[in-house]
Structures are given as C-alpha cells and as structure tokens.
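>>> Following is a predicted model, sequence given first.
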Amino acid sequence: MSALFKWIPLWGWIALALLISSTYLAFRLATVTADRDVVSLERDAEREKVRQLTAANESRKKTQKLLLDLDTRHTQEQVLADEKNDAMLAAVATGARRVYVNARCPAVRTATRATSQPDEENRAQLDPAVAERILHTGVDGDDAIRQLSALQEYVETVCLGRAG
C-alpha cells in the first residue's frame, strides 16, 4: 500500500480528496434540497387542508345559524297560531262565539222582517260540538300548511343554499 502512496503524487491525493468531498457535498445538497421540497409540499398540503377545514367549519356555522333562525321564527309563528286557535276554540266551546253556515230550507218560508239583515235568513247556527270539530279540522290544516312552508323554506335555504 505504501508503494501506491509513493506512486501517486501529493497533488493527486488532494485532487482525489476534493473530488470525493465535492461528490459527497453535491449528493448531500441534493438530499437536503429534496427533503426541503418534500417538507414544503407537506406544509402547503397542510395549509390547504386547514383552509378547507376552516371553510367547512364556517359553512357549518352558517348552516347552523340559518337553521336556528328558521326554527326560532317558525316556532314563534306556531306558538302565536296555537294561542289564537286555542282562544277561538275555547270561545266556541263556551258559547262566547258561534259558528254559522249558509243554509237554505225551501220548505220553510218566513215573512221578511224590516229589521233583519239580508243574509240572516240564509244562516244556520252549528251545534258547538260540531263547530269545534270543524274548527279543529281547520286548525290541523293550518298546522300542516305551516309545517310544509317551514320544510320548503328549509330546503330552499339549507339544502339549495338560497338564503334570502
């Protein structure tokens, strides 16, 4: 081995050492650059993921607020309608209010009175129990319409995104 050392001049060994070290440094630089690029891509991917999660969270919050507003408004409408309907049903049940329907009875003829109103002859008063059943049917129909309207507004606002 010592003959090999003697055969190659000193400047050759220095050149070989420089070549080996520069090759190592070039390889190391390429590795560090590749690692930096990978870290940069991962960082960008994480930032995009955070941005998407933030956008999804904001969308969820907006949807929850819309739902809360819709629910609050429709609940208030339902409470007001229930109060009004309960008062009307109670008045009919106690007899404070009466329900009339248009009716004709051709077999019965009465003399027209001067003080009577024109529609008074063609009215018939309903039994309070029957009137209450009819009013309950109307109240149930009104409730169904309110629920359907609330559902339609929910679909338009939340599902289709047409807030307004």
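Nice, thanks for sending it over. Predicted, not measured: the structure shown is a model, and the values here were computed from it.
>>> Tell me which residues are up against stretch 87-96.
Stretch 87-96 is contacted from outside by 97-99, 128, 131-132, 135-136, 139, using C-beta atoms under 8 Å, 6 or more residues apart in numbering. The way it works is simple: take the backbone N, C-alpha and C, and place the C-beta from them, glycine included.
>>> do the same with stretch 154-164
In contact with stretch 154-164 (C-beta under 8 Å, 6+ apart) are residues 63, 66-67, 70.
>>> What segments of this structure are strands?
In the chain, the strands defined using DSSP state E lie at 100-102, 123-125.
>>> that older thread, give me the buried entries from the contacts of stretch 154-164.
By neighbour count, with 16 or more other C-beta atoms under 10 Å, the contacts of stretch 154-164 hold residue 66 as buried.
>>> Among the contacts of stretch 154-164, which lie within helices?
Among the contacts of stretch 154-164, the members found in helices (DSSP state H) are 63, 66-67, 70.
>>> that older thread, redo the strands of the chain as TSV? Include distance to residue 9, mean pLDDT and mean neighbour count.
Shown next, in TSV, are those (distance: least, C-beta to C-beta, whole Å; pLDDT from 0 to 100; neighbours: other C-beta atoms under 10 Å):
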stretch	distance to residue 9	mean pLDDT	mean neighbour count
strand 100-102	127	83	11
strand 123-125	132	81	11
